[in-house]
Every structure is written in C-alpha cells, then in structure tokens.
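Novice: predicted coordinates and the sequence they were generated for:
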Amino acid sequence: MPLSRRTFLSGLGSSLTLAACSQLPKFSLTSGNEEYDYILTAEPAPIELIPGTTTPAWCFNQGFPSPVIRAKQGKEVRILFRNRLPEATTIHWHGLRIPIEMDGVPFLSQPPIQPGEDFLYRFTPPDAGTFWYHPHVNSLVQLGKGLVGPIIVDEAEPVAFDADLPLMMKNWHINDDGSFAPFTSPRAAFRMGTPGAFESVNGIQNPSYPVRPGSLVRLRFLNVDNTVMYKVAIPDHQAWIIAIDGSPVAKPIPLEQHEMGPGMRLDVALIAPAESGATVSIKNAKGRLLFNMLELKTEGEPIAAARSITPLPVNPLPEPDLDNAETINFVFEWEGAVTPVNRDGKTNYKFWTMNRRAWEGMSADNIPEPLATLELGKTYIFRLKNVTPHSHPIHLHGFIWSVLRSNQKAFDLFHTDTVLLQKNEMVEVAFVADNPGHWMYHCHVIEHMKTGLMGYITVK
Ligand SMILES: [Cu+2]
C-alpha cells in the first residue's frame, strides 16, 4: 500500500500552516538528546502522485515530500545518511559553505557511498537561509526519481513569521499510470532538456495551504527539478522577495516575476488577506500566460497584531577585494545542432563545453584537471559568458557569489550560489576563495551537466 500524501496531509489538519514538511519527526542519532541530529535514509518507496496510481519512487525516509532538515546558523548539524538504494550515492548540500569533506561529490570529496553503507555528514552552516540536498551520483535518475529535499538553516537570532512554507517545485517524469517515463533523450539534452509531464509542488498538483488571516507568511520556493525553469508570480497580491538562492537581499524587492532555474531558491514574504476565506493564487508564468501553481487560503483565527515586511539579517559572507581581484573568463558553448556520433556510429553524449572542455561522466578513472586553480584567500571575478542559444543555471559548490553586473539587465548587487545565464548573456560574479578543496562547477540542468557542462575548481 503506497503512502498517500493526501491522507498524510489531511491527517495534519490545520497545523499544516506551519509547513507540511517541517511537521515530519526528527530522528535521534545516538543519545536522543541532540537537537540537530537526523537519520536520513535513501531507499525505494512507492508513492501516490497521480491519485489511484503508484510511482516506484526513490525517497528519503519512505515518502515525498522529503523531510525538511532544519539546522541552525552557527550550530553543528549531524546527519547519519544511510544508503539503502540498489546503487552507490552521495548527498550534496546545495549552497552551504561547508568543508569539502562534507560536500558530497564522489571522488572529489568522498568515495561513493555503496548500497548498505552509512556516512555521517556533520557541519556547521555559517549562513541562514533556504538550501537543499540531493545526491551527486547518477543524478538524472536519482534526482528524477525523487531524491531531493530542503535543508533550512534558521537564523541565529530568530526571525518571526506566522507561517513558513517550503515549496518544492518538480515536474515528475511519469506516465498516466504513475510509471516512470524516460528522464532524457539526446535530442532534448542538447536543447533545454526533458520536462516531466506531472507538475507538482511538494508532490501535489496545485496544492492549497491554509494560512491565518492577516498572518506574515514566508514562502520558500525551491526549484528541485532536473530541467524546468519556473517563473514565480503573485499577480493579485503584494509580495516581496526577501532572499535569493538562500542569501537575504538588502531591502525587500516587490515581486513581479522571478525566474528560477533548476537548483535555485526564492524566499518571498507576504501578509495574508485580513478576511477569512480569501485566496492568494501563486502562478508560474510561461510566456505571457500565467498558470496556477498553488494557492494560500485564509482560515482560522485572524492575527490581531499588525504585521510588516522587514529585511532578513545579512549572512556573514567575506567581502570581496575587488581592487585586487583576478578575473577569469569562462565560456559556455555548445556543439549541437545535430546529434554528434562517434566513429562507430554511436551517439556521443557530449554536447556542451566549459572553456572548450566537456566532462560528461564521473568515475574514478575519469577525473580531468581543474578548470582553474585559485589561491586560498584571494578574490576572484568570474566572467561567465553563455554563447549558446539556451539558458544555464551555473552553480559553484562551496561558495556564494556576489553578482556584479550583466550585459543584459540592471540590478542591485545580490548574492547567489547559482547564476541563471540567459542566451548570449555575460555575467560577472565575485567571491573570496576562502574554502580549500576541489569544488564542482556545473550547469544545474542535469541533462546539460551529464552531457558536458561540468567541471571543477581547485582552491589551495
Ligand atoms: Cu545548462
């Protein structure tokens, strides 16, 4: 009998307001007294996405949505990870500035965790915000089958919201009967990738979340999809961006439409309508059309006190020394109007390059030289040039960039771990290379990454 998420959600009743996901239990590691200890198990688990069907998903802790791991800024979190999948894996903590040993990339930071093996991840997150976790092995399949989850780092000084909703956006690659459809095709991989047919937020199509009238709501959007870009819009209700990709913005920005590539996050604050029974419809913009993604519905006791939108506390990022920075160019290219073939006529799955190099697969005997070697403690400006006709969310592990400028749009400086490069866009980002190690540097459209758009940076 598959675990029905609908049953699960209704069982939570109105306590759902404080996030369906965060109601999941904590897992005691050893003594049972540690506040931030978890056991996270990856294993096959049937789930019900399309009502009445079963999807043979791979899940964390037996269900979807995955458990929300809550950590606290500046406090150690320990996660005992247990691999009960039929293949090797690792867990990467996207956006967290933590030591390389905990970064969860096979061969670069740790050996792959074999089936039946356990691995203890332990780290102290320096930054508060909305982050996520996922394997870094066989990513098309492992992420595609459901191994994606939020890790939320709470601010060292508590920030008050009446409701806090993690919203994981994912298009599942499933057929009408719930079975999996192909995660990729070569034709799509050298374009914008293969979107799944079943659009969902937290595994549900167009979910509705109750919030109290007049409440201050924090929405944490997470694009955990392999492929799809989402453009978040709340057309009929004022809302403010308070953090981009985990990093707080200096001043709340009125939300119009915000595009999120795979891997990217967005924290939005709004004050729910004062009357009961009102809805706030949250949309995904595709071209000029707006499609329903989820809604908030006011119910229960109104919040008596007046609420206001205020900036989040800033994170302790090191200040880049721009006057003494070294600039490095990275050019993202493609090889692909036709499907290239090898001499034996087989498809050659290398469509994309970073500085003329493709790295299409990770294995012990296929680790190239780094794309760049940086000096520990020095400031670098990466000039990212996309000369392909497609968008690429470019992610560097272990660091948070300051985004300085683009040749296509103006914006106030902001911080991110993933830059969405549009067609023919050039963006400059700056950061202090303060974390030694071999750090993955790749496009987060998984089909692009798996067909060449991947490399790593060494800091020493
Ligand atoms: Cu890409």
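Specialist: Yep, it's here.
Novice: surely residue 55 meets residue 177?
Specialist: No - between residue 55 and residue 177 there is no contact under C-beta atoms under 8 Å: 9.2 Å. From N, CA and C alone the C-beta is placed, and that goes for glycine too.
Novice: neighbours of residue 295, how many?
Specialist: As a burial measure, residue 295 scores 14 neighbours (other C-beta atoms under 10 Å).
Novice: ok, residue 195 - contacts?
Specialist: Applying C-beta atoms under 8 Å, 6 or more residues apart in numbering, we find residue 195 in contact with 171, 227, 228.
Novice: look up how far residue 448 lies from residue 367.
Specialist: 19 Å (C-beta to C-beta, to the nearest Å).
Novice: so between these two, which is more surrounded?
Specialist: Neighbours per residue, other C-beta under 10 Å: of residue 367 and residue 448, the larger number sits with residue 448, 29 against 14.
Novice: ok, and the closest non-adjacent residue to that one?
Specialist: Once flanking residues are discounted, residue 448 sits nearest to residue 352: 5.3 Å by C-beta to C-beta, 6 or more residues apart in numbering.
Novice: burial of that neighbour, as a residue count?
Specialist: As a burial measure, residue 352 scores 29 neighbours (other C-beta under 10 Å).
Novice: quick check on it: phi, psi?
Specialist: phi -130, psi 150 (degrees, to the nearest 10).
Novice: contacting residues for it?
Specialist: 190, 332-336, 358, 388, 443, 448, 451-453.
Novice: if you set the cut-off to 6 Å instead, what comes out?
Specialist: By C-beta atoms under 6 Å, 6 or more residues apart in numbering, the residues touching residue 352 are 334, 448, 451, 452, 453.
Novice: for residue 174, see how far away the closest residue to residue 144 other than its chain neighbours is.
Specialist: Nearest residue to residue 144, sequence neighbours excluded (C-beta to C-beta, 6+ apart): residue 183, at 4.4 Å. Using C-beta to C-beta, residue 183 is found at 11 Å from residue 174.
Novice: quick check, nearest of the contacts of residue 195 to residue 439?
Specialist: residue 227 (23.5 Å; C-beta to C-beta).
Novice: against the ion, how distant is the closest one?
Specialist: Going from residue 227 to the ion by C-beta to the ion, to the nearest Å gives 10 Å.
Novice: need phi/psi at residue 287.
Specialist: Dihedral angles (degrees, to the nearest 10) for residue 287: phi 60, psi -130.
Novice: returning to that earlier point: include neighbour count when you put the contacts of residue 195 into a markdown table, please.
Specialist: Shown next, in a markdown table, are the contacts of residue 195 (neighbours: other C-beta atoms under 10 Å):
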| residue | neighbour count |
| --- | --- |
| 171 | 18 |
| 227 | 26 |
| 228 | 20 |
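Novice: make CSV out of those residues and add pLDDT and secondary structure.
Specialist: Shown next, in CSV, are those (pLDDT from 0 to 100; DSSP: H, G, I helix; E, B strand; the rest coil):
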residue, pLDDT, secondary structure
171, 97, strand
227, 95, coil
228, 96, coil
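Novice: of the residues you listed, closest to residue 145?
Specialist: Nearest member of the contacts of residue 195 to residue 145, counting by C-beta to C-beta, is residue 171, at 13.2 Å.
Novice: next helix or strand past the worst-scoring helix or strand of the chain on mean pLDDT?
Specialist: Using mean pLDDT, DSSP states H and E, the weakest-scoring helix or strand in the chain turns out to be helix 5-12, at a mean of 36. Moving toward the C-terminus from helix 5-12, the next helix or strand (DSSP states H and E) is strand 37-47.
Novice: for that following strand, list every residue counted as buried.
Specialist: Buried residues in strand 37-47, counted by 16 or more other C-beta atoms under 10 Å: 37, 38, 39, 40, 41, 42, 43, 45, 46, 47.
Novice: give me the pLDDT value at the closest residue to residue 278 other than its chain neighbours.
Specialist: Nearest residue to residue 278 in three dimensions, chain neighbours excluded: residue 298, at 4.8 Å (C-beta to C-beta, 6+ apart). Residue 298 is assigned a pLDDT of 98 by the prediction.
Novice: swap in residue 72?
Specialist: Residue 72 is assigned 94 on the pLDDT scale.
Novice: what's the local residue count around the residue nearest to it when sequence neighbours are not counted?
Specialist: With C-beta to C-beta, 6+ apart as the criterion, residue 72 has its nearest non-adjacent residue at 5.1 Å, and that residue is residue 154. Neighbours of residue 154 under the rule other C-beta under 10 Å: 16.
Novice: ok and the residue in the stretch 251-400 of the chain nearest the ion?
Specialist: At 3.3 Å from the ion, residue 392 is the closest residue in the stretch 251-400 of the chain, using C-beta to the ion.
Novice: thought that residue was touching residue 420?
Specialist: No - using C-beta atoms under 6 Å, residue 392 is not in contact with residue 420, being 7.6 Å away.
Novice: which one of these two has more residues nearby?
Specialist: residue 392 (29 against 21).
Novice: measure that one to residue 323 for me?
Specialist: For residue 392, the distance to residue 323 - C-beta to C-beta - is 30 Å.
Novice: how deep is residue 48 tucked in, by neighbour count?
Specialist: The local packing of residue 48 (other C-beta under 10 Å) involves 21 other residues.
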